[in-house]
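Undergrad: Turn this into a model:
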Amino acid sequence: MTSTASPQNGIDTTSANFPVSKSVGRWVLLATILGSGMAFIDSTAMNVVIPVLQSELNATIPQVQWIMEAYALFMSSLMLLGGSLGDKFGRKRIFVLGILLFTGASILCGLSPSTSQLIVARAFQGAGGALLIPGSLAIVNISFSDERRGRAIGIWSGFTAITTTLGPILGGWLAQNLSWRFVFFINVPLALIVLGILYWRIPESRKGSGEESLDLWGSLFATLGLGCIVFGLIDSANVGFGHPKVIVPLVAGGIFLLSFLFHESRTSSPMMPLNLFKSKTFSGGNFITLLFWGAWSGAIFFIPFNLIQLQGYSAVEVGLAFVPLVLALFLFSPWAGGLVANYGAKLPLIVGTILASTGFYLFTLPGIGGSYWTTFFPAITVLGVGMAIIISPLTTAVMESVDLKESGVASGINNTAGRIAGLLAIAVMGVFALSTFNKSLDFELDSLDIQHETRQYIDDQRIKILLIDIPENIETETKTYIRNAIDISFLASFRLMMLISTGLVLLCTFVAWFTIERMKPD
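TA: Down below sits the predicted model:
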């Protein structure tokens, strides 16, 4: 079947007709939602699994940070390359490669006998995600006509958001009833379904003739820059910011990232064309993506520690606690996607970010104990409604602010912004969390009359936070005081993290006001 589109429009003329028929469009949405959902589910399911895994492997906070960050680092740094690979070699072909790599790495994660091997396997898993996530949105964008594209992107955004929030529910149930390892094994049947749909139903597409060169130097600079910065931030928890082991990686990371920007401005085939940022909506939308997903990633990393290790929830109960957020996304996301056609993206983004920031702020109010319905339920529900109103208009605004032929690279940039936000948020907020915890714990312990040996024993374990062991050979009353001091210190740290997330999302409101076009671009 011959395409009616020309190579200048960025579509492979040897493939099927574009846009696709309605029946094929349904298969496109199913395959891309399930495929990208694999990566999103694993990302958020790990947040519930991490506290369980920390206890089982006796891991420190920096170690569990690296389990999260190895995944995010390679996903965020290679995602731009993933979008370019899809544009050059075929979006479906690279999407399939991403599914295969992600699934193979998932099996290795589930079989990993140690923390170090799990970190390595998570890195390969992130590389697979960097291929499949930008490909999924690019396939959606190229497969639908102008009239149907906004709704299709809205459906993709809404359901991928739902799969993201299903992660904690699924992860909690598996961790408590089977093993945290099954969080990775569930990707195998999902991958088989997606591969079958791709093979039988989805046509291939690429940008132009596919003769453009790949920006490997740009990918190298991005990976080294982000990796050095994350390494320095995480290691600062052990040695402090003034140590050469922290200063050198941070400086090197900054140099690599500046080199990346310089290289992108000079190369003939950049994986992140800087000219795209001339669009105010594209720039603003990606900045909102950076801020919002940074707030979400930082918060969702710490919330399960609060619920499991401080409040005493089981892993399943933590998953169930997020059900209102999933329901809010399911009910409001399709409606929010339709708002763009009538009102543009600006108004929904302003309303959604105000609601989401309110949800994050509500997390600062609960203390220790109390009913779920009066403590965390209001925060999770309000946050869910805000997210539902934000995600579809934000994705639609970004994708429709560029030419159709730039779908792959635009998707890669937007997804990279979100992944980089999560990568840096966990590292940066982890630094603030440990600093606040230590200051609060110093204050609390200074008011207690405890022996020097006991104090030193506790100080040596500070990096475990809530899993600090208290010596058995001290009085029960003193044990209780120390445990309360640890709990109060974590609560102070947690509240600061939620305030930071609140501020980041409020900033999104102002960015949307000044940068997002009122009506959908022509």
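
Undergrad: following the helix or strand containing Leu80, which helix or strand comes up?
TA: Of the helices and strands defined by DSSP states H and E, Leu80 is found in helix 61-89. In the C-terminal direction, the helix or strand that comes right after helix 61-89 (DSSP H and E) is helix 91-111.

Undergrad: and that next one, average pLDDT?
TA: In this model, helix 91-111 has a mean pLDDT of 91.

Undergrad: So which other helices or strands are in contact with the helix or strand just after that helix?
TA: Where DSSP H and E defines the elements, the next helix or strand beyond helix 91-111 is helix 115-143. Here helix 115-143 touches helix 22-57, helix 61-89, helix 91-111, helix 146-177, helix 377-399, helix 407-446, going by 3 or more Cβ pairs under 8 Å, 6 or more residues apart in numbering; DSSP states H and E. (Glycine included, C-beta is placed from N, CA and C.)

Undergrad: List the buried residues of the fourth one.
TA: So the one you mean is helix 146-177. Neighbour-count burial for helix 146-177, counted by 16 or more other Cβ atoms under 10 Å, picks out 149-176.

Undergrad: And for the longest one?
TA: Of the residues in helix 407-446, those scored as buried under the neighbour-count criterion (16+ other Cβ under 10 Å) are 407-430, 433-434, 436-438, 440-441, 444-445.

Undergrad: picking up where we left off before, for the helices and strands packed on helix 115-143, please prepare CSV with the additional fields distance to Thr289.
TA: Putting those into CSV (distance: least, Cβ to Cβ, whole Å) gives the following:
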stretch, distance to Thr289
helix 22-57, 14
helix 61-89, 12
helix 91-111, 20
helix 146-177, 11
helix 377-399, 6
helix 407-446, 4
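
Undergrad: Could you point out which of the ones you listed sits nearest Gly298?
TA: Using Cβ to Cβ as the measure, helix 407-446 is the one of those that comes nearest Gly298, at 3.8 Å.

Undergrad: Distance from the chain centre to the closest one, please.
TA: 11 Å (Cα atoms, centre = their mean, to the nearest Å).

Undergrad: Can you tell me, leaving aside adjacent residues, what's nearest to Phe330?
TA: The shortest distance from Phe330 to any residue that is not its chain neighbour, by Cβ to Cβ, 6 or more residues apart in numbering, is 5.6 Å, and that residue is Ile162.

Undergrad: ok, now how distant is the one you found from Phe182?
TA: Distance check for Ile162 against Phe182: by Cβ to Cβ, to the nearest Å, it reads 21 Å.

Undergrad: Where does pLDDT dip in this protein?
TA: Within the chain, the stretches falling below the threshold (pLDDT under 70) are 1-19, 150, 165, 206-212, 237-239, 337, 341, 404-405, 407-408, 518-522.

Undergrad: repeat that with 50
TA: Judged against pLDDT under 50, the low-scoring parts of the chain cover residues 1-16, 520-522.

Undergrad: and the helix holding Leu80, what other elements does it pack with?
TA: Taking 3+ Cβ pairs under 8 Å, 6+ apart as the contact definition, the neighbouring helices and strands of helix 61-89 are helix 22-57, helix 91-111, helix 115-143, helix 216-239, helix 407-446.

Undergrad: picking up where we left off before, let me know which of the helices and strands packed on helix 115-143 is the nearest to Ala315.
TA: Taking Cβ to Cβ as the measure, the helices and strands packed on helix 115-143 were each checked against Ala315, and helix 146-177 came out nearest at 4.1 Å.

Undergrad: how far is that closest one from where the chain is centred?
TA: Centroid separation between helix 146-177 and its chain, computed with Cα atoms, centre = their mean, is 13 Å.

Undergrad: name the helices or strands packed onto it?
TA: helix 22-57, helix 115-143, helix 182-185, helix 315-321, helix 323-343, helix 377-399.

Undergrad: hmm, 10 Å instead?
TA: Counting contacts by 3 or more Cβ pairs under 10 Å, 6 or more residues apart in numbering; DSSP states H and E, the secondary-structure elements packed against helix 146-177 are helix 22-57, helix 115-143, helix 182-185, helix 280-305, helix 315-321, helix 323-343, helix 377-399.

Undergrad: With mean neighbour count as added columns, please give these in JSON lines.
TA: Shown next, in JSON lines, are the helices and strands packed on helix 146-177 (neighbours: other Cβ atoms under 10 Å):
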{"stretch": "helix 22-57", "mean neighbour count": "22"}
{"stretch": "helix 115-143", "mean neighbour count": "25"}
{"stretch": "helix 182-185", "mean neighbour count": "22"}
{"stretch": "helix 280-305", "mean neighbour count": "24"}
{"stretch": "helix 315-321", "mean neighbour count": "21"}
{"stretch": "helix 323-343", "mean neighbour count": "20"}
{"stretch": "helix 377-399", "mean neighbour count": "26"}
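
Undergrad: can you tell which of the ones you listed is closest to Phe256?
TA: Closest to Phe256 of the helices and strands packed on helix 146-177 is helix 115-143 (Cβ to Cβ; 17.8 Å).

Undergrad: how many degrees apart are that closest one and helix 407-446 in direction?
TA: Between helix 115-143 and helix 407-446, the angle comes out at 140 degrees (axes from the mean of the first three to the mean of the last three Cα atoms, to 10 degrees).

Undergrad: List the buried residues of the helix holding Leu80.
TA: In terms of neighbour count (16+ other Cβ under 10 Å), helix 61-89 has its buried residues at 61-88.

Undergrad: what about it, distance to the chain center?
TA: The chain centroid and the centroid of helix 61-89 are separated by 10 Å under Cα atoms, centre = their mean.

Undergrad: give me every residue that touches the residue lying closest to Leu504 once chain neighbours are set aside.
TA: Excluding its sequence neighbours, the residue lying closest to Leu504 (Cβ to Cβ, 6+ apart) is Ala295, at 4.0 Å. Counting by Cβ atoms under 10 Å, 6 or more residues apart in numbering, Ala295 touches 353, 356-357, 360, 383, 421-422, 425, 429, 497-498, 500-508.
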